[in-house]
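1. dropping a prediction and its sequence here:
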Amino acid sequence: MDLIKIKNVEKTYKTGVTAIYDLNLNIEKGEFVFIIGSTGCGKSTLIKMLYREEKPSSGMINIGGINVSKLKNRNVYKIRRKIGVVFQDFKLLPKSTVYENVAFALEIFGLPNSEIHSKVIKSLELVGLKHKAKNYPHQLSGGEQQRVAIARAIVNGPRLLICDEPTGNLDENTSMEIMKVLEEINKLGTTIIMVTHDTDIVNKMKKRVILLDSGRIVKDYKEGEYVHESA
Amino acid sequence: MRVLRILGRNIRDSFKSVFRNFSLSLASIACIIITLIVVSIAMILSFNVNNFTKAVERDMTIVAFLNRDISLDRIEEIKDEINTINYVETFVFQDKMTISEEMMEESSDFDSILEKYENRDDNPLLDAFQIKVTDISKIEEVATSVSNIDGVYNVKYGEGMVDQLVSVFDIVKKISYGVVVALIIVTAFLISNTIKITIFSRKREIEIMRLVGASNINIKIPFIFEGLFLGLFGSIIPILVTIIGYDALYNAFNGQVISPFIQLIVPLPFTYLVSLALVAIGILVGMFGSWRAVKKYLKI
């Protein structure tokens, strides 16, 4: 079953620059998909449209039954509650503890404290940071901070996790640790879309890979097909 | 239950936020303190002017003198006629015999002159009605109606002086109300701008809130509560200044300005009521200010 259906999507910015041309893409439930391409190929625009940071100029994007392309600004939260997003720069609240950062996403739903506690602990366990719950972000390493961000993104059990260069600021070993966490989450049934520059990671993971260039899908590699020939 | 939990968390978070962003909160609070003190002064002034106006208005009376040869029966009829006139609040009949007795008691000079006229018909004074009106601006209208009654000789109500007083008081009242309203509006915008800086410094927080699925209301409410707390904290000092300051002022002037004619309002419960108004204004202005700031920032 398709979780994401993208049909004839085009995106032209107000400046007149067209970032995406007539894009069609289906992603199934439970898939792990890499989106790769050179800088400026439109991959950021594509995923921004998925979590409705940007709106397509034309075409349709449907995620789990919600027509994201038609969502009004004030209704954006409806899709945000169904998906988790992880960024290169973690985006944690510096003045809140690890626990508070993760709990934050649940508190706005008005869940009871006991339920929040069990969900936050479960989520922190999954990323291996239960013992750092009381620390503040600045007391953690980059990799740990990213794992907190992942814990926050998955704490309310989203069906889709969008990762925008999650390993961009991390060294090779730490990056692989993050990938292990993501693979684990994927195994539990969450669909993952990850944008990356890091071809090593893509080579090692052997997942579906979508190659974008100048706003178009150039190639859609099935699982294990993609092999990057290093120069 | 769910709504209560969300509300509770919002109140907790906004309370924390006032202290976590202490320097900016202090700026907002200082701004609220200064304006509320000025608002308090303007309020005390306008209430006192109002109080004084009312006191003067209460003392305003129309005196209607009756013909010297009027019969007692006609006087009874005139009473009924006055009763039918609009805006008449109360009236008192003053018998010329009673008046002359009072005058005789007051001074021996009057005594020697008036004792010659023991008979009612001989009395050189006039019977009179003292009439109070419900609305001071209608005093002229009532006076005219009374003067048209048959048997009324003359009507006095301090013409000219009354009209002037009424219009001067009206202007003073309007100006003081205007100052209060203008100050409140200016404060709201000042607070709005201060909170805008606070919010700007918390751009990231709002971005993250939106990211994890906070609806616009989820984002706005903590900031609005923050405005509420700022208003609440900001009203403490103005209230103390009002209660202690006005009491000291009242005692220093012995409760009156220049002459016993101009009485100040007794401090209690007056200052408590002003304080209540200050808290309400502080809270409303704080909430409105932050609501406006968030609205502008979120561009919803």
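-> Thanks, I have the structure now.
2. burial count for residue B:73?
-> 8 (other C-beta atoms under 10 Å in any protein chain shown). All C-beta spots, glycine's among them, are computed from the backbone N, C-alpha and C.
3. which strand or helix spans it?
-> In the assignment (DSSP states H and E), residue B:73 maps to helix B:72-83.
4. what sits up against that helix?
-> Contact partners of helix B:72-83, identified using C-beta atoms under 8 Å, 6 or more residues apart in numbering or on different chains, comprise B:66, B:88, B:91, B:93, B:127, B:129, B:131, B:146, B:149-152.
5. could you check how far the most centrally placed residue in chain B is from residue B:41?
-> With distances taken as C-alpha atoms, centre = their mean, the residue of chain B nearest its centroid is residue B:47 (3.8 Å). Note on residue B:47: its distance to residue B:41, by C-beta to C-beta, to the nearest Å, is 11 Å.
6. shared neighbours of these two, anything?
-> By C-beta under 8 Å, 6+ apart, residue B:47 and residue B:41 have no common neighbours.
7. if we can go back for a sec, now the contacts of helix B:72-83 as CSV including secondary structure, distance to residue B:227 and pLDDT?
-> Output for those, formatted as CSV (DSSP: H, G, I helix; E, B strand; the rest coil; distance: C-beta to C-beta, whole Å; pLDDT from 0 to 100):
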residue, secondary structure, distance to residue B:227, pLDDT
B:66, strand, 65, 81
B:88, strand, 51, 81
B:91, strand, 54, 82
B:93, strand, 61, 82
B:127, coil, 66, 83
B:129, strand, 58, 83
B:131, strand, 53, 83
B:146, helix, 57, 80
B:149, coil, 62, 80
B:150, coil, 67, 81
B:151, coil, 67, 80
B:152, strand, 63, 81
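8. which one of these is nearest to chain A?
-> Closest to chain A out of the contacts of helix B:72-83 is residue B:88 (60.4 Å), distances taken as C-beta to the nearest C-beta.
9. quick check: beta-bridge partners of that closest one?
-> Residue B:88 has these beta-bridge partners by DSSP bridges: residue B:133.
10. secondary structure class for the residue in chain B sticking out farthest from the centre?
-> Within chain B, residue B:116 marks the point farthest from the mean C-alpha position, 52.1 Å out by C-alpha atoms, centre = their mean. Under DSSP: H, G, I helix; E, B strand; the rest coil, the three-state class of residue B:116 is coil.
11. where does it fall, phi/psi-wise?
-> The phi/psi pair for residue B:116 (degrees, to the nearest 10) reads phi -70, psi -30.
12. ok, for it, nearest residue in space, not its chain neighbours?
-> Excluding the flanking residues, the one nearest residue B:116 by C-beta to C-beta, 6 or more residues apart in numbering or on different chains is residue B:122, at 7.9 Å.
13. and that neighbour, which helix or strand is it part of?
-> With DSSP H and E as the criterion, residue B:122 is inside neither a helix nor a strand.
14. what's the separation between it and residue B:106?
-> If you go by C-beta to C-beta, the gap between residue B:122 and residue B:106 works out to 20 Å.
15. if we can go back for a sec, pull the helix holding residue B:73 out as CSV, backbone CA atoms only.
-> In CSV, the C-alpha atoms belonging to helix B:72-83 read as follows (Å, rounded to 0.1, in the frame of the first residue of the first chain):
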residue,chain,number,x,y,z
LEU,B,72,-52.7,78.4,51.2
ASP,B,73,-55.1,76.4,48.9
ARG,B,74,-53.2,77.6,45.9
ILE,B,75,-49.9,76.5,47.5
GLU,B,76,-51.3,73.0,47.7
GLU,B,77,-52.2,73.1,44.0
ILE,B,78,-48.7,74.4,43.1
LYS,B,79,-47.2,71.4,44.9
ASP,B,80,-49.2,69.1,42.6
GLU,B,81,-48.2,71.0,39.5
ILE,B,82,-44.5,70.8,40.4
ASN,B,83,-44.9,67.1,40.8
